[in-house]
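Q: Whatever this is, show me its structure:
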Amino acid sequence: MTLPSSGSISLGDIANTFGYTLAPSPGTKIGDYQKVKGGSKPFSQSLGDLQFNTIDGGNSVPRTGQIKFSDFYGTQLQQVVNFWESGRGGFRLVARDRYETDNGSNGNVTVVGGYRDRPSDSSNTKVHIHVKQSIGSTDTDPDACALRTGDQWESGTNLQVDVGSGGRIIGAGGKGGSGSQGGGGDGGFGSSGLGIQYFFGYEPFPVVIFVFVGIYDGYRRMWKISEKMEGEDIER
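A: Numbering: from 1, shown residues only. You can find the predicted model right below:
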C-alpha cells in the first residue's frame, strides 16, 4: 500500500507496508526502518546498480537520528525484480512471470529493507525491473520481444525499468533475403527489444525507463537515455 500523504498514520500502517521488524512476532520498532534487516544504521542497500539509501527509496525516511510517523507520509514499498545477477538473462523473458515465481528464497524479487516477502498484489508498490544481463529475442516472429513487462501488474503499480551497466535488451535482426542476379527477395522483419504491456482496460499506465547502456530493436536502433515512454502496447 501507499501510505497516506497527510492525516492519521499508525505504526501498524507502516508495518503493513514495509514489514514487521520483529517478525515472526507481530511487532515492529520504527527505528529499525533506518537500517536493512540484520544490518546497522544508516540504511544502505545495493542491488545491482541500484542504490537505496532509505527504505522508501525516496529519502523521505531519515537514515539516522530522530524518526517519526509523519516521515512515512506518501511512501511505498520498493521491490526489485532480478535480471541483474549472473545467469538471470536469457531469451524472450517476462518480468511479471519472474515476479510471480518468486518464493522468498530463489532471489527472483528483493524487497528493499528485507522485512517482508514480496506481496502477491503489486498495487501501490514501486517495482523496479533491473537488468544487468543480456536478454535476446528471436528472428522468427516480428511480434516477439526480448523482454516484456507482462500485462498482469495490478492497477496502481509504479513500474520502472532500470537497465544498468552491462545490461542489454536486444531484439533480433530479420533474416536476409534470397540472392539473385536479377533482384533478390525481401528480407525478414526484425523483432523488438522491450515490450511494454502495462495497461488498465484500454488506457496505458506510464512506465519510466532508465537506460545506462542500451535497448536495441531488430533494426539496431538504440533507445535514448532516461526516456520516459507512454502509450503503445509494444515500444521499439
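Q: measure the nearest residue to Gly38 once chain neighbours are set aside to Gly107 for me?
A: Take Gly38 and drop its neighbours on the chain: the residue closest to it by CB to CB, 6 or more residues apart in numbering is Gly114, 7.1 Å away. (C-beta placed from N, C-alpha, C; glycine too.) Gly114 is 12 Å from Gly107, where distance means CB to CB, to the nearest Å.
Q: picking up where we left off before, contacting residues for the residue nearest to Gly38?
A: For Gly114, the contacting residues are 19, 36-38, 45, by CB atoms under 8 Å, 6 or more residues apart in numbering.
Q: Need those in CSV (columns: secondary structure and pLDDT).
A: Putting these into CSV (DSSP: H, G, I helix; E, B strand; the rest coil; pLDDT from 0 to 100) gives the following:
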residue, secondary structure, pLDDT
Gly19, coil, 96
Val36, coil, 98
Lys37, coil, 97
Gly38, coil, 95
Gln45, strand, 98
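Q: Identify the farthest-apart pair in those.
A: Greatest spatial distance in the contacts of Gly114: Gly19 and Gln45, 13.7 Å, computed using CB to CB.
Q: Look up how far Val36 lies from the residue nearest to Gly38.
A: Counting by CB to CB, the separation of Gly114 from Val36 is 6 Å.
Q: Overlap in contacts, those two.
A: Common neighbours of Gly114 and Val36 (CB under 8 Å, 6+ apart) are Gln45.
Q: Look at Ser10 and say how many residues are nearby.
A: Ser10 has 10 neighbours, counted by other CB atoms under 10 Å.
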